[in-house]
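**Student:** pasting a predicted model and its sequence here:
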Amino acid sequence: MTIKPLIILPDPVLRQHSKPVANLDEAVRRLADDMLETMYDAPGIGLAAIQVGEPLRMLTIDVSGEGQEKAPHVFLNPEILSSSDERSVYEEGCLSIPDYYAEVERPAKVRVRYLGLDGEMHEMEAEGLMATCLQHEIDHLDGVLFIDYLSKLKRQMVVKKFTKASKRAI
């Protein structure tokens, strides 16, 4: 397994729309392993393939808490089938927007369909942190970032901060 470099805001790659995973082959399985390794190393609880420069509809999630046994999930071609009218607010962060956190309101529950690494279609009902994480990561597949849910002013401030940081790093 390989820890992959993360794509960081303002890189335009983060705004790309990801393509469906066409074949569940060894390359996809290897990418899943690499993404999990990268996510755990960061450390994070979710990672979309686009965040490591792979524009595929693929994500990894593990919302197990500290001291709990790891519970990794790999979702290929995930889609939200339904979401609740009930809302919840979580303080979100993103591995592609390091050290920035903000409260985001999203549906409290979602039903998701996805292809598993076993080659089978699955459906999952999720609530709480898992529902939030699924929505956050699926947004990445469509070029949407959690800062897009903030006010225009806050979003502009974050983008400006990361744009300046990226210029200093050159």
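**Tutor:** Good, I have the coordinates. Since this is a predicted model, take the numbers as computed values, not measurements.

**Student:** find the nearest non-adjacent residue to Phe162, please.
**Tutor:** Leu9 (4.2 Å; Cβ to Cβ, 6 or more residues apart in numbering). Glycine gets a C-beta too; all of them are placed from N, C-alpha and C.

**Student:** tell me the bridge partners for the nearest residue to Val21 once chain neighbours are set aside.
**Tutor:** Spatial nearest neighbour of Val21, excluding adjacent residues (Cβ to Cβ, 6+ apart): Leu76 at 4.6 Å. Residues in a beta bridge with Leu76, per DSSP bridges, are Met58, Leu115.

**Student:** pretty sure Leu76 is touching Tyr114, no?
**Tutor:** Yes. At 6.1 Å, Leu76 and Tyr114 qualify as touching, with contact defined as Cβ atoms under 8 Å.

**Student:** what's the burial count for the residue nearest to Val21?
**Tutor:** By the criterion of other Cβ atoms under 10 Å, Leu76 has 21 neighbours.

**Student:** so what's the residue positioned nearest the centre of the chain up against?
**Tutor:** For the chain, the residue nearest the mean C-alpha position is Glu137 (2.7 Å; Cα atoms, centre = their mean). Contacts were defined as Cβ atoms under 8 Å, 6 or more residues apart in numbering; by that measure Glu137 touches 46-48, 59, 61, 75, 78.

**Student:** and which of the residues you listed is nearest to Arg155?
**Tutor:** Ala48 (19.1 Å; Cβ to Cβ).

**Student:** dump the residue contacts of the closest one.
**Tutor:** Counted by Cβ under 8 Å, 6+ apart, Ala48 has contacts 18, 58-59, 137-138, 140-141.

**Student:** can you tell me how far it is from Gln135?
**Tutor:** According to Cβ to Cβ, to the nearest Å, Ala48 stands 12 Å off from Gln135.

**Student:** what do you get for Leu9?
**Tutor:** On the measure of Cβ to Cβ, Leu9 and Gln135 end up 19 Å apart.

**Student:** repeat for Leu14
**Tutor:** According to Cβ to Cβ, Leu14 and Gln135 sit 16 Å apart.
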